[in-house]
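model the structure of this input:
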Amino acid sequence: MTIGVLKEPSEESRVSFLPEAVTALTKKGVTVQIESGAGERSFYNDEDYVKAGAVIKTRQEVIQSSDILVAIHPFAEAASLSAKILIGVYQPLFNVAVMQQWAKQGITSFSLDMLPRTTRAQSMDVLSSQANIAGYKAVLLAANTYSRYFPMFMTAAGSIAPAKVLILGAGVAGLQAIATARRLGAVVEVFDTRPAVKEEVMSLGAKFIEVEGAADASKAGGYAVEQSADYQQRQQQRIAESIAKADIVITTAQIPGKKAPVLITEEMLTSMRKGSVIIDIAAATGGNTPVTKNNQTVIYKGVHIVGNSNLQATMPSDASKLYGKNLLNFLQLIIDKEGKINLNWDDDLVKGCCITNNGEVVHDRVKAIS
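A predicted model of the protein is given here:
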């Protein structure tokens, strides 16, 4: 059985497998083919992969001769394939047309962002491993963009007040952002629609902003859910009070398959002081402000709004290491002890992240959209 690792598009610096993951696969008798240069932006060259037991080939050779192709993002050549197994993070709820096309071609695809969020799936949870990095880098990016200190300083020249950081969303990215901002000495407030995260927020030394009457999000896999109009009104009022005092805002709120909720209105932006910074991690799905643009920095009335949903790619070595470990753990479910493909459809994790198989879209949530 052969696994092929493809080089990602120019805007992506990560790679599906580092050499250490290749070593683990070759020990199981799996042949690993690497597209030449696939790991360079993660600081691993072809020679490193050869030492780990991989075979270096051209992109076309890898695509044609591999049983399983791993690529983080959808790739153009998939449009001409058939009877291949593809594994990556394909955002099928936003790429329904692509999934339908893959189904027609007879491709079996697994999208790891659709794994059920269960205890057993934690070792394969690419959303969490990558969001952890994004939350960390969001705060560092904010600190680098902000024109003032984060910590309090008392000097002979005068005292500097600590930065006030507001974090909207206390998922994995939000919690790491809290911890990083606190380590840098900021005063942190946090808003989340899920009351259950209050204890975690407070344990990290941040203040939790509570708004009563939120819709139950316990079955949303760690994501936000749509709220009632009454709740949204009270939510915006509380956020407006905090945002007017904030120097830094980190926004992370997303709803699977839908546009990100606008939590910061233009009126709120106007209330922020000039030089304030917003890092919008939800930029790829529209952003949590009405003026966010993905992969761009917008200056709105003196406020810097940085839209970036791929901050994990700014730490490609560790991001690739963690992603590769997640992927390796998933592969254990579909590769037997002899190193052969064994798609066990009775396994809830295998079935839960399979998007296309046997000529059709098989994932219920993707089917519901199409």
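
domains for the chain, by residue range?
Under automatic domain parsing, the residue ranges defining each domain of the chain are 2-114+316-362, 131-314.

just put the ones you listed in a markdown table and tack on distance to residue 121 and mean neighbour count.
(C-beta placed from N, C-alpha, C; glycine too.) A markdown table is the format used below for the domains of the chain (distance: least, CB to CB, whole Å; neighbours: other CB atoms under 10 Å):
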| stretch | distance to residue 121 | mean neighbour count |
| --- | --- | --- |
| domain 2-114+316-362 | 6 | 19 |
| domain 131-314 | 10 | 19 |
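
worst average pLDDT in these?
Taking each of these in turn, the lowest mean pLDDT turns up on domain 131-314, with a mean of 90.

with only the CA atoms kept, save stretch 229-239 in CSV.
Below are the C-alpha coordinates for stretch 229-239, written out as CSV (Å, rounded to 0.1, in the frame of the first residue of the first chain):
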residue,chain,number,x,y,z
ALA,A,229,-32.7,37.9,18.5
ASP,A,230,-33.3,38.8,22.1
TYR,A,231,-30.1,37.1,23.3
GLN,A,232,-28.1,38.7,20.4
GLN,A,233,-29.3,42.2,21.5
ARG,A,234,-28.2,41.7,25.1
GLN,A,235,-25.0,40.1,23.9
GLN,A,236,-24.1,43.1,21.7
GLN,A,237,-24.8,45.4,24.6
ARG,A,238,-22.4,43.6,26.9
ILE,A,239,-19.7,43.3,24.2
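
next one: it to chain centre, how far?
Here stretch 229-239 is found 27 Å from its chain centre; the criterion is CA atoms, centre = their mean, to the nearest Å.

how about stretch 288-304?
Its chain's C-alpha centre and that of stretch 288-304 lie 20 Å apart, by CA atoms, centre = their mean.

ditto for stretch 298-314
Stretch 298-314 has its average C-alpha position 16 Å from the chain's average C-alpha position, going by CA atoms, centre = their mean.

can you check stretch 362-370 too?
Here stretch 362-370 shows a centroid-to-chain-centroid distance of 21 Å under the convention CA atoms, centre = their mean.

again with stretch 278-292
Its chain's C-alpha centre lies 14 Å from the corresponding centre of stretch 278-292 when counted by CA atoms, centre = their mean.

quick check: end-to-end length of it?
For stretch 278-292, the separation between the terminal residues is 9 Å (CA to CA, to the nearest Å).

next, residue 361: phi, psi?
In terms of degrees, to the nearest 10, the main-chain angles of residue 361 are phi -80, psi 120.

wait, it touches residue 100, no?
Yes: if you go by CB atoms under 8 Å, residue 361 and residue 100 touch, sitting 6.1 Å apart.

make JSON lines out of the domains of the chain and add distance to residue 123.
As requested, these are exported to JSON lines (distance: least, CB to CB, whole Å):
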{"stretch": "domain 2-114+316-362", "distance to residue 123": "4"}
{"stretch": "domain 131-314", "distance to residue 123": "14"}
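
so which of those is nearest residue 125?
With distances scored as CB to CB, the stretch of those nearest to residue 125 is domain 2-114+316-362 (6.5 Å).

list the contacts for residue 351?
residue 345 (CB atoms under 8 Å, 6 or more residues apart in numbering).

A helix includes it, no?
Yes: the secondary structure assignment for residue 351 places it in a helix, going by DSSP: H, G, I helix; E, B strand; the rest coil.

ok but residue 165 is inside a helix, no?
No: counting by three-state DSSP, residue 165 is not part of a helix but strand.

residues in contact with it?
Applying CB under 8 Å, 6+ apart, the residues contacting residue 165 are 139, 142, 181, 186-189, 246-250.

of all those, which comes closest to residue 133?
residue 139 (11.5 Å).

hang on, isn't that closest one packed against residue 184?
Yes: Residue 139 is in contact with residue 184 according to CB under 8 Å; the separation is 6.8 Å.

roughly how far apart are residue 100 and residue 44?
Applying CB to CB, to the nearest Å, one obtains 35 Å for the distance of residue 100 from residue 44.

what about the most far-flung residue of the chain relative to its centre, distance to residue 149?
The outermost residue of the chain relative to its centre, with distances by CA atoms, centre = their mean, is residue 156 at 43.8 Å. From residue 156 over to residue 149 the distance is 16 Å, taken as CB to CB.

ok, residue 46 next?
44 Å.

which ones are touching residue 13?
Contacts of residue 13 by CB under 8 Å, 6+ apart are 41-42, 313-314, 316.

that one in helix, strand or coil?
Note that with three-state DSSP, the state of residue 13 is coil.
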